[in-house]
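Novice: coords below, sequence missing:
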């Protein structure tokens, strides 16, 4: 683990008050890396915490600067919109994972390229099937 990643994990743990967010991000990064190295996916993705969209907030949201679940596509040269949606669907099709993310304070899924910044924001509560139970 690089020193900067270690420091970010410590800061995330202190700011969030739990290790659960850090564990999920670490697990996602390991899975994305393993899938890329094995040839399962063609884009190397990294997960981190970023600023969410304040309009996507729900009652369990963290402070907006820490409510975004960000997936950054490291090798984004020639990135097509269809690839952004394909990576997004990896998360958005899993309703229980979305609920887990929401319970951890995330409200926005951010999928974008590292260099081009091409990407999209998704409101997690729109994909959770909990809209009638959530305060808006």
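Specialist: Here it is on my side, so go on. Just so we're clear, the structure is a prediction, and the values are computed from it rather than from any experiment.
Novice: where does the residue positioned nearest the centre of the chain land in three-state SS?
Specialist: When Cα atoms, centre = their mean is applied to the chain, the residue found nearest the centroid is residue 69 (2.7 Å). What DSSP: H, G, I helix; E, B strand; the rest coil gives for residue 69 is strand.
Novice: confidence score at it?
Specialist: pLDDT for residue 69: 95.
Novice: my guess is it contacts residue 46. True?
Specialist: No - Residue 69 is beyond contact range of residue 46, at 12.0 Å (criterion: Cβ atoms under 8 Å). For the C-beta atoms, the positions are set from N, CA and C on the backbone; glycine is no exception.
Novice: setting aside sequence neighbours, what's the nearest residue to the residue nearest to the centre of the chain?
Specialist: Once flanking residues are discounted, residue 69 sits nearest to residue 106: 4.4 Å by Cβ to Cβ, 6 or more residues apart in numbering.
Novice: list the contacts of the residue nearest to the centre of the chain.
Specialist: Contact analysis of residue 69 by Cβ atoms under 8 Å, 6 or more residues apart in numbering lists 47, 49-50, 91, 101, 106, 108-110, 124.
Novice: residue 72 now?
Specialist: Taking Cβ under 8 Å, 6+ apart as the test, what residue 72 contacts is 45-48, 112-114.
Novice: switch to 10 Å and redo it
Specialist: For residue 72, the contacting residues are 44-48, 50, 110-115, 117, 119, by Cβ atoms under 10 Å, 6 or more residues apart in numbering.
Novice: secondary structure element for it?
Specialist: In the assignment (DSSP states H and E), residue 72 maps to strand 68-73.
Novice: residue 67 contacts residue 55, doesn't it?
Specialist: No - the pair residue 67 / residue 55 is not scored as a contact, 11.3 Å apart, by Cβ atoms under 10 Å.
Novice: what are the ranges of the helices in this protein?
Specialist: Taking DSSP state H as the test, the helices found in the chain are 3-16, 20-38, 81-92, 95-103.
Novice: could you tell me the least trusted of those?
Specialist: helix 3-16 (a mean of 61).
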